[in-house]
Structures are given as structure tokens and as C-alpha cells.
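Enquirer: structure of the sequence below:
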Amino acid sequence: MVESLLVNAGFTLTPVPDARVCCGSAGTYSILPPELSQQLRTSKLRALESGQPDEILTANIGCLTHLASGTGKPMRHWIELPADQLTSAAH
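Expert: Residues are numbered from 1 along each chain as shown. Alright, predicted model coming up:
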């Protein structure tokens, strides 16, 4: 649903292989088995960056902070994109 909303608003999305695979931040991954959490994060970032996006968007603040700790790519909550678009249109 978020993806279709962004596409309908005119944004271009890059494909993400295995998009539904966890980033390693959920539940107790990042606390109890941190090695598994890091492996999942590395794998997720590889998938997210494979389409060479300008930035990475997510709907989950836990995912955002976890993924941001492993990449130099800008990370934002997805709602910031349409918010920026609306702000620009208002000026």
C-alpha cells in the first residue's frame, strides 16, 4: 500500500529483492542474538541498496535506526517524502 501511494504521487521506487525479509531489528534479535541481527541487517541492506536508490525509506523507526547504523545512505521514514512534496507545493 505504501509503495502504491508513493508511485501514485510520482515517486520512482527501486525494486528490493526479498522485500519481506526482516532487517534484524524486530523482537529480541538485536538484544539476544546480536550476531544474527547484524547478519540480517547486512543482508537487508544488500537487498535495499541493490537498486542503487538515492535514499532508503521505511515505515518502522526500529528498522530505520538499525539499518542506518550499517549504511551511509540517507534513511528516512516514508511519510517524509510526500510531506516534503506538499511543503514544496505550498510555497
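Enquirer: from here on, contacts and neighbour counts on C-alpha atoms
Expert: Noted.
Enquirer: mind pulling the model confidence for residue 64?
Expert: The confidence metric pLDDT takes the value 96 at residue 64.
Enquirer: and whichever helix or strand it is part of, how far out from the chain's middle?
Expert: Secondary structure assigned from DSSP states H and E places residue 64 in helix 61-68. Relative to the mean C-alpha coordinate of its chain, helix 61-68 is positioned 8 Å out (C-alpha atoms, centre = their mean, to the nearest Å).
Enquirer: cool, stretch 19-31 as well?
Expert: 13 Å.
Enquirer: and the contacts of that stretch?
Expert: Surrounding stretch 19-31, the residues in contact under the criterion C-alpha atoms under 8 Å, 6 or more residues apart in numbering are 36-41, 43-45, 47, 62-63, 66-67.
Enquirer: find the nearest non-adjacent residue to residue 63, please.
Expert: Counting by C-alpha to C-alpha, 6 or more residues apart in numbering, residue 63 lies nearest to residue 25, which is 5.8 Å off, once chain neighbours are set aside.
Enquirer: now the strands for the protein?
Expert: Assigned by DSSP state E, the strands in the chain fall at 56-58, 75-77.
Enquirer: output the contacting helices and strands for the last one.
Expert: Using 3 or more C-alpha pairs under 8 Å, 6 or more residues apart in numbering; DSSP states H and E as the contact definition, the elements that strand 75-77 packs against are strand 56-58, helix 61-68.
Enquirer: count the residues that sit near the residue nearest to residue 63.
Expert: Applying other C-alpha atoms under 10 Å, we find 23 other residues in the vicinity of residue 25.
Enquirer: distance of it relative to residue 55?
Expert: If you measure residue 25 against residue 55 using C-alpha to C-alpha, to the nearest Å, the figure is 19 Å.
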